[in-house]
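> with the input below, show me the fold.
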Amino acid sequence: METDTALIIDIVFWVIAVCTIVSAIAVVVLKDVFRSALFLVVTFFGIAGMFLLLRAEFLAMVQILLYVGAISVLILFAVVLTRDVEQGSPFNSYLVPVLFVSGLILAGVIFVITNTDWNVSSADMTREQMTAIFSETSVLGNIAGLLITKYVLAFEAVSVVLLGAVIGALALVRRR
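Model prediction:
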């Protein structure tokens, strides 16, 4: 019974992973900006699904509310209000430097992944300590405390930036 559940979770993981990777590649490859933005929404949903598989329900809901609900709608709103969306972005001369920098970042990520010791042992912790660390109330309480105390200014700055983007989009529409 336990192996059947593990098999189902593995299958769900691979389905979500493949869908997320394919949609992320489609975001970059497609020339139609509107369809690219729609695939970005699918990518955000896939990341939220990964958070759910990791039992990080809070992060999954934040991912859905902020990225799928707010950022994606804002991007789609901007795309709809932009002229000549069908033409896509023109070719520019930054392709080679961007490919070089992306290759360096990819090489660094692969280096870190291959040289990291992934064998984490919990033998030094008691069951009560592990329960206290991974219990929902302590994690959510810590996150809520940080959001209210330490990171309040960051969230206020993000809200001002989003408000500025909406006002800018409305200014663009008004000029038409």
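
> what residue ranges in the protein score low on pLDDT?
The model of the chain has pLDDT under 70 over residues 1, 83-92, 118-140, 172-176.

> check contacts around Ala78.
Neighbour list for Ala78: Ala165, Ala169 [criterion: C-beta atoms under 8 Å, 6 or more residues apart in numbering]. C-beta here means a position set from N, CA and C on the backbone, and glycine is covered the same way.

> what's the helix or strand for it?
Using DSSP states H and E, Ala78 falls within helix 72-80.

> list the buried residues for that helix?
Going by neighbour count (16 or more other C-beta atoms under 10 Å), the buried part of helix 72-80 is Ser72, Ile75, Leu76, Phe77, Ala78, Val79.

> right, and the third one touches Arg35 too?
No: Leu76 is beyond contact range of Arg35, at 10.8 Å (criterion: C-beta atoms under 8 Å).

> overlap of the contact sets of the two?
With C-beta under 8 Å, 6+ apart, Leu76 and Arg35 have no common neighbours.

> what number of residues lie near Phe44?
21 (other C-beta atoms under 10 Å).

> and if you look at Phe39?
A count of nearby residues for Phe39, using other C-beta under 10 Å, gives 20.

> check contacts around it.
For Phe39, the contact set (C-beta under 8 Å, 6+ apart) comprises Ser23, Ala24, Ala26, Val27, Leu30.

> same question, Val28
Counting by C-beta under 8 Å, 6+ apart, Val28 touches Ser36.

> just the element for it, please.
Assigned by DSSP H and E, Val28 belongs to helix 2-29.

> list the buried ones in that helix?
Neighbour counts over helix 2-29 (16+ other C-beta under 10 Å) mark Ile16, Thr20, Ser23, Ala24, Ala26, Val27 as buried.

> of all the buried residues of helix 72-80, which comes closest to Ser102?
Closest to Ser102 out of these is Ile75 (21.4 Å), distances taken as C-beta to C-beta.

> related to what we said a few turns ago, can you give me how far the helix holding Val28 is from the chain middle?
On the basis of C-alpha atoms, centre = their mean, to the nearest Å, helix 2-29 sits 15 Å off its chain's mean C-alpha point.

> how far off helix 2-29 does the helix or strand following it point, in degrees?
Using DSSP H and E, the helix or strand that follows helix 2-29 in sequence is helix 33-53. Angle of helix 33-53 versus helix 2-29, following axes from the mean of the first three to the mean of the last three C-alpha atoms, to 10 degrees, is 160 degrees.
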